[in-house]
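what's the 3D shape of this:
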Amino acid sequence: MAGSISVLNQPTSLPVYRDLSLEELAERTEAAKQALGDRVLILGHNYQRDEVIRHADIEGDSLKLSQIASERSGHDYIVFCGVHFMAETADVLSKSGQTVILPDMAAGCSMADMAQIEQVDEAWEQLAGILPVEQTVTPVVYVNSAAVLKAFCGEHGGITCTSSNAQRVIEWSWKRREKILFFPDEHLGRNTANKMGVPREEMLVWDPFLPNGGHTPEAIKKARLLLWKGFCSVHQMFQPAHVRYFKEKHPGIKIIVHPECHEDVVNLADMSGSTELIIRTVSAAAPGTVWGVGTELNLVNRLKRRQPEKQVYFLSPTVCQCSTMYRIDAPHLCWAMENLADGRVVNQISVPEDEKRWARIALERMLDVS
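Predicted structure coming up:
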C-alpha cells in the first residue's frame with residue numbers, strides 16, 4: 001500500500017483542466033493511469049458520460065460496483081466515478097488501507113437527500129410508540145442513500161438493497177419480521193411489491209413531514225410495507241403518455257424501464273429492471289428489434305451506439321439526465337488522477353469507523369442475499 005501522502009479536498013487547480021480539449025484530457029488521464037498501474041482501480045457507474053466511462057476498469061450498476069469494491073483488495077486507490085453515496089459504499093466495503101476518491105465532491109443524489117438520519121430516527125421513534133418496533137419492523141434502505149442510513153439499518157437488524165435484488169431483500173426481511181420500513185424510494189418498493197402480488201391495502205406511504213407518517217396507529221398496525229415518500233428526479237420524468245406514444249408509433253416495440261419509475265409507467269411497460277438488466281436484455285435481443293428505454297439518457301445513448309443493429313429509443317421527449325452524476329466529467333477525473341500520480345490524494349471519501357462497521361453489516365447482509 002502507499003506510504004505517506006498529502007490529502008487535498010479543494011480543486012484549487014481544476015480551472016486549468018477546463019481549458020484542455022477532451023482528447024488532451026483523455027491522454028493525460030490515461031498517462032496517469034499507466035503511471036499508477038495496478039495501484040488504482042477506476043469504477044464507472046452506467047449513468048456516466050462517455051468521456052468518463054472510457055477510462056473505467058469496471059462499469060456497472062450499484063450492486064455490481066459494490067461487489068467489486070468488496071472483492072478487490074489489491075489496489076491502493078479506488079476512483080469512483082459515480083455519486084457520493086456510491087463512493088461511501090465503496091469505502092465501507094473496501095479493505096483496510098485502501099483509499100476511495102470521488103472526483104467531484106458535489107456529485108450527490110437528490111433521492112438520497114430525501115431521507116435524513118434525523119427523519120429516520122424520528123420515524124423509528126414514532127413507530128416505537130405504536131408497536132414493538134425492534135421485534136416487528138425491518139428497516140430496508142435502498143443503496144441510493146447515505147452511509148449513516150445504512151448504518152442505522154445494520155444496527156437495527158436491517159439490510160440494504162438495490163434495484164437488482166429488492167425482491168430477494170424484501171422476502172428476506174419478511175421472513176424475520178412482519179413489517180418493513182422501506183426508504184428512501186417509494187417507487188422501487190411499490191413496484192417490487194406489486195410484482196410480488198402484495199395487496200394494495202398492505203402498503204402505506206410514510207410522509208416524514210407528518211406525524212406518524214400521515215397515518216393512524218390502526219392503519220400502521222395493519223400495513224406490512226411502509227414506503228418512504230421519496231423518488232428519483234430522473235425517473236419521475238417518464239410518463240404513461242410516453243409509453244403509449246412509442247407503442248402507437250412503433251408497433252412491436254418493447255418498452256423496458258427502471259423500477260424507480262412511477263408504477264403507472266412500469267405497469268404499461270413490457271419489462272422493468274435495474275440498469276444491468278436493461279443492458280443485458282437489449283444486448284441479447286435479436287437484430288432488428290425495436291426498444292423504448294426508460295432510464296438515464298447517458299446509458300440509453302450508449303446502448304444506441306453499442307447496439308447499432310437494433311432501434312433503441314429514449315422514452316421521453318425531454319432530457320432525463322442525472323445532473324449530479326453529470327458533475328463527474330473529464331476535467332475532474334484527469335485532475336484527480338494526475339494528483340494521485342504525483343502522490344497527492346484529493347477528494348477522499350472516508351466514512352467514520354463506527355458508522356462504517358454498522359453500514360458494512362447491512363451491506364454484507366445484502367450481498368449474502370444476492
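
Could you list the low-confidence segments of this protein?
1-13, 63, 319-324 (pLDDT under 70).

what does the domain assignment say about it?
6-108+325-351, 112-232, 235-314 (automatic domain parsing).

Now do the helices in the stretch 1-150 of the chain.
Ranges of helices in the stretch 1-150 of the chain, per DSSP state H, counting those that start in this stretch, are 14-18, 22-36, 50-53, 62-71, 84-93, 117-128, 133-136, 147-155.

Tell me which residue is most central in the chain.
In the chain, the centroid-proximal residue (C-alpha atoms, centre = their mean) is N144; its distance is 4.3 Å.

contacting residues around that one?
62, 85, 109, 111-112, 184-185, 232 (C-beta atoms under 8 Å, 6 or more residues apart in numbering). All C-beta atoms are positioned from the backbone trio N, CA, C, and that covers glycine.

Distance-wise, check it relative to C232.
Noted for N144: a distance of 8 Å to C232, by C-beta to C-beta, to the nearest Å.

so what sits against both of the two?
With C-beta under 8 Å, 6+ apart, N144 and C232 have common neighbours 111, 185.

now, which of the contacts of N144 sits nearest I256?
C232 (16.4 Å; C-beta to C-beta).

which one of the helices of the stretch 1-150 of the chain is the most hemmed in?
Stretch with highest mean neighbour count among those: helix 84-93 (a mean of 26; mean count of other C-beta atoms under 10 Å).

mind saving the C-alpha coords of that helix as PDB?
The C-alpha trace of helix 84-93 is given here as PDB (Å, rounded to 0.1, in the frame of the first residue of the first chain):
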ATOM      1  CA  HIS A  84     -21.300  10.400  -3.200                       C
ATOM      2  CA  PHE A  85     -23.300   7.500  -1.700                       C
ATOM      3  CA  MET A  86     -21.700   5.100  -4.100                       C
ATOM      4  CA  ALA A  87     -18.200   6.200  -3.100                       C
ATOM      5  CA  GLU A  88     -19.200   5.900   0.600                       C
ATOM      6  CA  THR A  89     -20.400   2.300  -0.100                       C
ATOM      7  CA  ALA A  90     -17.000   1.500  -1.700                       C
ATOM      8  CA  ASP A  91     -15.200   2.900   1.300                       C
ATOM      9  CA  VAL A  92     -17.400   0.900   3.700                       C
ATOM     10  CA  LEU A  93     -16.700  -2.400   1.700                       C
END
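
ok now the host helix or strand of V282, how far from the chain's centre?
Following DSSP states H and E, one finds V282 within helix 275-284. The chain centroid and the centroid of helix 275-284 are separated by 17 Å under C-alpha atoms, centre = their mean, to the nearest Å.

can you state the direction angle for it and helix 62-71?
110 degrees (axes from the mean of the first three to the mean of the last three C-alpha atoms, to 10 degrees).

quick one: the helix or strand just after helix 275-284 to helix 275-284, angle?
Beyond helix 275-284 on the C-terminal side, the first helix or strand identified by DSSP H and E is strand 290-294. Relative orientation of strand 290-294 versus helix 275-284 (the same axes, to 10 degrees): 170 degrees.

Tell me which other helices or strands the helix or strand following strand 290-294 touches.
Once the chain leaves strand 290-294, the next helix or strand it forms, by DSSP H and E, is helix 297-306. Applying 3 or more C-beta pairs under 8 Å, 6 or more residues apart in numbering; DSSP states H and E, one finds that helix 297-306 contacts helix 50-53, helix 275-284, strand 290-294, strand 311-314.

from those, which stretch is densest packed?
It is strand 290-294: most buried of the helices and strands packed on helix 297-306 by mean count of other C-beta under 10 Å, with a mean of 25.

Name the residues that touch that one?
Residues contacting strand 290-294 (C-beta under 8 Å, 6+ apart): 235, 238, 242-243, 246-247, 250, 252-258, 261, 265, 269, 278, 282, 285, 299-300, 303, 310-316.
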